[in-house]
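>>> this is a predicted model, with the sequence first.
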Amino acid sequence: MATRDVIVVGASAGGVEPLRCMAAGLPQDLSASVFVVLHVAPDRPSTLARLLDRAGPLRATSAEEGEPVEPGRIYVAVPDHHLVVENGRVRVVRGPTENRHRPSVDVLFRSAARAYGPRVIGVVLSGSLDDGTAGLIAVKIRGGLTIVQDPAEAFADSMPRSAMRYLEVDHVVPASALGSLLGRLALERVAADEAAPPSPEMEAEARAAKLDPTARDALDENKPGVRSTVACPDCRGVLWEIQEGDLLRFRCRTGHAYSPETLLQAGSEGIETALWEALRAIEERLALRRRLIRQAKERRLDALAGHFEKQAKETEGVVETLRGLLEQKVGD
């Protein structure tokens, strides 16, 4: 019999304070290892490890490639790299983004579920959109426990609410109660060898996060879902639709992956970019026509000036239409 000795935690907007509360409440003799992903800017150093190290009794450090997994430690993902858990060691990899994030909560959770099965406790805290939902489903499928921060107290409740929408989580708790709860759950005994093995899709997706070239062939061979009509926002490749319980998500052959909310947001951003580009191009045409109008009038070419004025008026109408679209929230 094993214990629940692998705790994976994911957060985004508003996640620092509940992470500090969790660290403060963890017991000094915790028999589990804790792995943390917080969405951070890719080009700035993170101070999260230092904050968590000061907040509670456990040692918290930025994760390092290849270091051993030890109990009573908190491993924090570094910017612009996924945090991956393998049997007995930590991986820090720069694979394709998932939900447009690197590090991604789903990548961490899926890797832990694959490697440790029922020994895993997955925790989703405050955050926007729905990174972490697919990862919690993977934890649940492999027999692990699932926890979310009470959405009523979360700064951004989208991540915990999304998890609760797609699966029956085991615990919903305030951040202040999280550390003590994890201390108790980590002592529970589980029959790790009785868990169903990871699916071929889970194996392939875990390898994709590490840029393993065999993952692409495995995804092609095992057909993780059906081909969608949507292109990947990052590489323009075809996205596969993957149905996992009630959750429909998407992954391209390169390895980029999206939850529904993230894919919708990415599509909205693409539409907005296209509208700005169209507005720039049409305003340039309008400026040229106005110059041609002035030149025609200076030469007293009234008919030509009238022709350009008619075109300019039509162009002004298009400009106003585009500006009206941009003033609205794209995608509403």
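Here it is on my side, so go on. Numbering: from 1, shown residues only.

>>> contacts and neighbour counts: CA atoms only from here.
Will do.

>>> helices along the stretch 51-200 of the chain, start to end?
All helices of the stretch 51-200 of the chain, identified by DSSP state H, counting those that start in this stretch, fall at 105-116, 133-141, 158-166, 175-185, 200-208.

>>> distance to Leu326 and mean pLDDT added to those helices, as TSV?
Formatted as TSV, the helices of the stretch 51-200 of the chain follow (distance: least, C-alpha to C-alpha, whole Å; pLDDT from 0 to 100):
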stretch	distance to Leu326	mean pLDDT
helix 105-116	32	96
helix 133-141	31	95
helix 158-166	25	96
helix 175-185	39	98
helix 200-208	37	84
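
>>> and the closest residue to Ala175 other than its chain neighbours, what is it in contact with?
The spatially closest residue to Ala175, leaving aside those adjacent along the chain, is Pro18, at 5.1 Å (C-alpha to C-alpha, 6 or more residues apart in numbering). Neighbouring residues of Pro18 by C-alpha atoms under 8 Å, 6 or more residues apart in numbering: 125-126, 175-176.

>>> widest-spaced pair of those?
Using C-alpha to C-alpha, the contacts of Pro18 span at most 13.3 Å, a distance reached by Ser126 and Ser176.

>>> the more surrounded of these two?
Ser126 (29 against 18; other C-alpha atoms under 10 Å).

>>> I figured the more buried one hits Ala152, correct?
No. Contact between Ser126 and Ala152 fails when scored by C-alpha atoms under 8 Å: they sit 10.2 Å apart.

>>> correct me, but Glu272 touches Glu327?
No. Here Glu272 does not reach Glu327: they are 10.3 Å apart, not a contact under C-alpha under 8 Å.

>>> just give the closest residue to the spatially most central residue of the chain, not the sequence neighbours.
Geometric centre of the chain, nearest residue: Asn99, 3.4 Å, by C-alpha atoms, centre = their mean. Once flanking residues are discounted, Asn99 sits nearest to Tyr258: 4.6 Å by C-alpha to C-alpha, 6+ apart.

>>> quick check: the one you found vs Glu17, distance?
Using C-alpha to C-alpha, to the nearest Å, one gets 27 Å for the distance from Tyr258 to Glu17.

>>> flag the shaky bits of the protein, pLDDT-wise.
Counting by pLDDT under 70, the chain has low-confidence residues at 215-225, 329-332.

>>> buried ones in the helix or strand where Gln295 lies?
Gln295 belongs to helix 260-298 when assigned by DSSP states H and E. For helix 260-298, burial by neighbour count (16 or more other C-alpha atoms under 10 Å) applies to 260-263, 266-268, 272, 275, 279, 282-283, 286, 289-290, 292-293, 296.

>>> using PDB, write down the CA coordinates of stretch 166-183.
Output in PDB follows, covering the C-alpha atoms of stretch 166-183 (Å, rounded to 0.1, in the frame of the first residue of the first chain):
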ATOM      1  CA  TYR A 166     -16.900  19.000 -15.800                       C
ATOM      2  CA  LEU A 167     -16.200  16.600 -12.900                       C
ATOM      3  CA  GLU A 168     -17.400  15.800  -9.400                       C
ATOM      4  CA  VAL A 169     -14.500  17.100  -7.300                       C
ATOM      5  CA  ASP A 170     -13.800  15.400  -4.000                       C
ATOM      6  CA  HIS A 171     -13.300  18.600  -1.900                       C
ATOM      7  CA  VAL A 172     -14.200  22.300  -2.200                       C
ATOM      8  CA  VAL A 173     -12.400  24.300   0.500                       C
ATOM      9  CA  PRO A 174     -11.300  27.800   1.400                       C
ATOM     10  CA  ALA A 175      -7.600  28.500   1.000                       C
ATOM     11  CA  SER A 176      -7.200  28.700   4.700                       C
ATOM     12  CA  ALA A 177      -8.200  25.100   5.200                       C
ATOM     13  CA  LEU A 178      -6.200  23.700   2.300                       C
ATOM     14  CA  GLY A 179      -2.800  23.000   4.000                       C
ATOM     15  CA  SER A 180      -4.300  21.000   6.900                       C
ATOM     16  CA  LEU A 181      -6.600  19.100   4.500                       C
ATOM     17  CA  LEU A 182      -3.600  18.100   2.300                       C
ATOM     18  CA  GLY A 183      -1.700  17.000   5.400                       C
END
